[in-house]
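*Asks:* can't give you the sequence, but here's the structure:
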């Protein structure tokens, strides 16, 4: 039996209990804008999860908590492409983590995927009994009751956070007279305070830390509540919404005429206006893949290595965005484009667009 709907009309806790009490086997898919999360069940038990959000991938999750380095993740991903083994198995084989550490990380990663879903008030879901291949999943076992309790707690916490930080475009600053020496700061909080001192927005800090919306916002909120941080700048209000049907038709016209970049922008606006528009979601997948294929075929083959043709010390004069600066910081003359894409918490198309811009600006070349 399949089931589809929206989290507006069926709460996540109710949906999870429906699967669990019915001892169902299958997958739950959740879609919101660019993000897709998947939860896999066997006889009503949660056995795995998956997400297209790079911060929810096991490698980036481990980077966020400082369990592995970028070089270790790069080595692991290269081995994975050659052997098709799971990331966890390779991390253990290479001696980067113990089996127990990987198992704990897998459970924590899946919990974070599910906890984030409690914060999605408007998202499409679909339960399917179609089969899945167990060997393609990193298997775990979770307790639903504890998940529900923590998910509800985070939902309440998120409401409090969003009352203070209305979006991830908030800019924070150190409160005058804040006594940092007397506070028992975690390594993550120290890193976030450093990013705050650089004038980063919350979204930029999420990128730099390889973290998730909730985890980074939560730590910043704790610092705000402790009178360490204050709000320096609030974001501008969102633009007015357009008619989604007209937008979608315009996007199709652009896609059929192979104006992929323009079509992508239009389809993304459709989802902003109408988050449940599955046709727009599928169109975005199609047009993004086409853009990436165009880049790899015509501009930057994945095996080529980007390198700087200007002194890196001169980069600040080019006024790169934070995302562009992040990608630029991963260009070291030895990592090929494929590796840079894999190691970035940005999506593939975003990385390729940035590399293309750096090429056109004459800052880098390929070999």
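*Replies:* Sure, I can see it. Given the structure is predicted, the values throughout are model-derived calculations rather than measurements.
*Asks:* Going by C-alpha atoms from here, please, whenever you check contacts or count neighbours.
*Replies:* Will do.
*Asks:* what ranges of this structure fall below the confidence cut-off?
*Replies:* Within the chain, the ranges that satisfy pLDDT under 70 run 1, 131, 134-138, 238-241.
*Asks:* Would you confirm that residue 174 contacts residue 230?
*Replies:* Yes - assessed by Cα atoms under 8 Å, residue 174 is found in contact with residue 230 at 6.3 Å.
*Asks:* Quick one: residues contacting residue 265.
*Replies:* Going by Cα atoms under 8 Å, 6 or more residues apart in numbering, residue 265 touches no other residue.
*Asks:* Apart from its neighbours in sequence, what residue is nearest residue 218?
*Replies:* In this structure, residue 218 finds its nearest non-sequential neighbour in residue 161, 7.2 Å apart by Cα to Cα, 6 or more residues apart in numbering.
*Asks:* Sorry, slip of the keys, the one I care about is residue 50.
*Replies:* According to Cα to Cα, 6+ apart, the nearest residue to residue 50 is residue 38 (5.0 Å).
*Asks:* quick one, phi psi at that neighbour?
*Replies:* The phi/psi pair for residue 38 (degrees, to the nearest 10) reads phi -130, psi 140.
*Asks:* ok, it to residue 147 distance?
*Replies:* For residue 38, the distance to residue 147 equals 16 Å [Cα to Cα, to the nearest Å].
*Asks:* List the contacts of the host helix or strand of residue 112.
*Replies:* Element membership for residue 112 (DSSP states H and E) is helix 99-117. For helix 99-117, the surrounding residues in contact (Cα under 8 Å, 6+ apart) are 12, 37, 39, 48-51, 56-58, 61-62, 88-89, 91-92, 138, 140-142, 147, 150-151, 154, 214.
*Asks:* mind listing what the residue nearest to residue 50 touches?
*Replies:* Neighbour list for residue 38: 27-30, 49-51 [criterion: Cα under 8 Å, 6+ apart].
*Asks:* Please tell me how far the helix or strand hosting residue 59 is from the chain's geometric centre.
*Replies:* Assigned by DSSP H and E, residue 59 belongs to helix 58-64. Centre-to-centre, helix 58-64 and its host chain are 11 Å apart (Cα atoms, centre = their mean, to the nearest Å).
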